[in-house]
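>>> Build the 3D model from these lines:
(one chain, ligands or ions: 1)
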Amino acid sequence: MDISINDYLTGVVAAEMPASFNVEALKAQAVAARTYALHKISKKSHFHQGYDICDNYACCSAYLGPSELKAKWGGDYDKYIEKIRSAVEATDGLYLTWAGEPILAVFHSSSPGKTEGSENVWKNPLPYLVPVDSPETPERVSNLLSTLSISAEDFKNTVLGRFPNAHFVDDPNLWISGVLYTESGRVKSLRVGGVDISGSDLRFLLGLRSTAFSFKYDGGSFVFSVAGYGHGVGMSQYGANILAADGATFDEILANYYPGAELTSFSGSFPS
Ligand SMILES: [Zn+2]
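Residues are numbered from 1 along each chain as shown. Below is the predicted model:
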């Protein structure tokens with residue numbers, strides 16, 4: 001379907017960030033969404049299908065149309081759609097570049113004090129996706145900390161389902177060793193049953209909210225204590241909301257989370 005850029009970006013920001021967030025955080029999200037769309041279009045992933053962008057969050061960006069947003073927001077629809085549309089329009093044409101190209105403007109929900117470098121999640125380092133300070137604390141983000149408890153038996157079977165070469169001795173205290181950390185303090189890798197597993201792999205295997213975790217074995221179960229939510233790379237949405245509440249403008253928020261990227265402007269339709 002054909003849809004205007006600003007209608008598209010309004011539906012993306014509405015799908016990706018809580019509408020209750022500070023308007024400067026919503027503006028930062030609008031610029032990130034515009035940048036991400038331009039980056040996708042420049043890769044021409046959907047060129048042969050005859051369109052620019054899809055609505056799969058794992059491929060392009062999540063998008064919600066008016067009827068889905070009415071169902072989601074109910075009586076707040078008019079207030080929220082107006083708030084998000086004005087964040088999109090206030091940043092009309094603005095996007096982030098590195099060496100003249102739209103950056104990979106990834107984002108996540110929250111980070112425990114520091115964001116993550118891209119190479120620890122997707123192999124490739126990028127100069128603007130490096131660890132930076134992020135202001136979340138448990139006092140200011142209610143669900144920043146979480147725990148996950150899993151019995152030793154379930155843990156063993158879950159790991160074996162994905163890593164059949166793992167070997168588990170009788171004492172669960174000896175199952176996990178060799179934990180290595182990234183610069184931001186997240187788990188880079190660890191040895192489980194003699195097999196080296198990345199922090200990201202274990203995160204998805206167990207359903208942990210992030211790779212910023214510690215663990216202990218206690219009374220027949222492993223208990224994982226987790227901080228933050230998401231891969232940790234690029235802009236933290238809760239961090240952006242706190243920075244905005246403390247007086248930062250959207251361009252200052254973007255400069256914090258994508259250091260060195262340049263705020264660039266175009267007018268009219270998307271350049272392709
Ligand atoms: Zn796509």
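>>> Where do the domain boundaries of this protein fall?
5-107+234-265, 145-227 (automatic domain parsing).
>>> List the contacts of the residue nearest the centre of the chain.
Ranked by distance to the mean C-alpha position of the chain (C-alpha atoms, centre = their mean), the top residue is H108 at 1.9 Å. Residues near H108 by C-beta atoms under 8 Å, 6 or more residues apart in numbering: T115, G228, Y229, G230, H231, G232, V233, G234, M235, S236, Q237. Backbone N, C-alpha and C define where each C-beta goes, glycine included.
>>> cool, V23 as well?
K83, S86, A87, A244.
>>> what does L64 give?
L64 touches G11, A14, A15, K72, counting by C-beta under 8 Å, 6+ apart.
>>> mind listing the strands for the stretch 1-150 of the chain?
Secondary structure of the stretch 1-150 of the chain, counting by DSSP state E, counting those that start in this stretch: strands at 94-98, 101-102, 107-108, 145-151.
>>> and V187, which of those strands is closest to it?
V187 lies closest to strand 145-151 among those, at 13.6 Å (C-beta to C-beta).
>>> Residue ranges in the stretch 51-200 of the chain under the pLDDT threshold?
Across the stretch 51-200 of the chain, nothing is flagged by pLDDT under 70.
>>> Residues of it that sit close to the ion?
Residues of the stretch 51-200 of the chain found near the ion (C-beta under 5 Å from the ion) are C54, C59, C60.
>>> I'd like the residues you listed as TSV, with neighbour count and distance to L104 appended.
Formatted as TSV, these follow (neighbours: other C-beta atoms under 10 Å; distance: C-beta to C-beta, whole Å):
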residue	neighbour count	distance to L104
C54	15	17
C59	11	13
C60	19	12
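>>> which one of the residues you listed is nearest F155?
Within those, proximity to F155 (C-beta to C-beta) peaks at C59, which comes in at 31.9 Å.
>>> which residues does the closest one contact?
Taking C-beta under 8 Å, 6+ apart, one finds S45 in contact with C59.
>>> I'd like the distance between it and I53.
9 Å (C-beta to C-beta, to the nearest Å).
>>> show me where the stretch 151-272 of the chain has helices.
152-162, 199-206, 237-245, 250-257 (DSSP state H, counting those that start in this stretch).
>>> can you redo the ones you listed as JSON lines with mean neighbour count and distance to I5?
Output for these, formatted as JSON lines (neighbours: other C-beta atoms under 10 Å; distance: least, C-beta to C-beta, whole Å):
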{"stretch": "helix 152-162", "mean neighbour count": "16", "distance to I5": "41"}
{"stretch": "helix 199-206", "mean neighbour count": "19", "distance to I5": "33"}
{"stretch": "helix 237-245", "mean neighbour count": "24", "distance to I5": "22"}
{"stretch": "helix 250-257", "mean neighbour count": "22", "distance to I5": "18"}
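>>> sorry, back to before: how about the nearest residue to the residue nearest to the centre of the chain, chain neighbours excluded?
With sequence-adjacent residues excluded and distances taken as C-beta to C-beta, 6 or more residues apart in numbering, H108 is closest to G230, at 2.9 Å.
>>> how close does that neighbour get to the ion?
20 Å (C-beta to the ion, to the nearest Å).
>>> Can you get me a residue count around that residue?
Neighbours of G230 under the rule other C-beta atoms under 10 Å: 21.
>>> if we can go back for a sec, okay, and the beta partners of the residue nearest to the centre of the chain?
S236 (DSSP bridges).
>>> how far away is it from the ion?
19 Å.
>>> picking that back up, got a markdown table for the contacts of H108, with distance to T182 too?
Below are these laid out as a markdown table (distance: C-beta to C-beta, whole Å):
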| residue | distance to T182 |
| --- | --- |
| T115 | 11 |
| G228 | 13 |
| Y229 | 17 |
| G230 | 15 |
| H231 | 12 |
| G232 | 9 |
| V233 | 11 |
| G234 | 15 |
| M235 | 18 |
| S236 | 16 |
| Q237 | 21 |
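>>> This completes my enquiry, with thanks.
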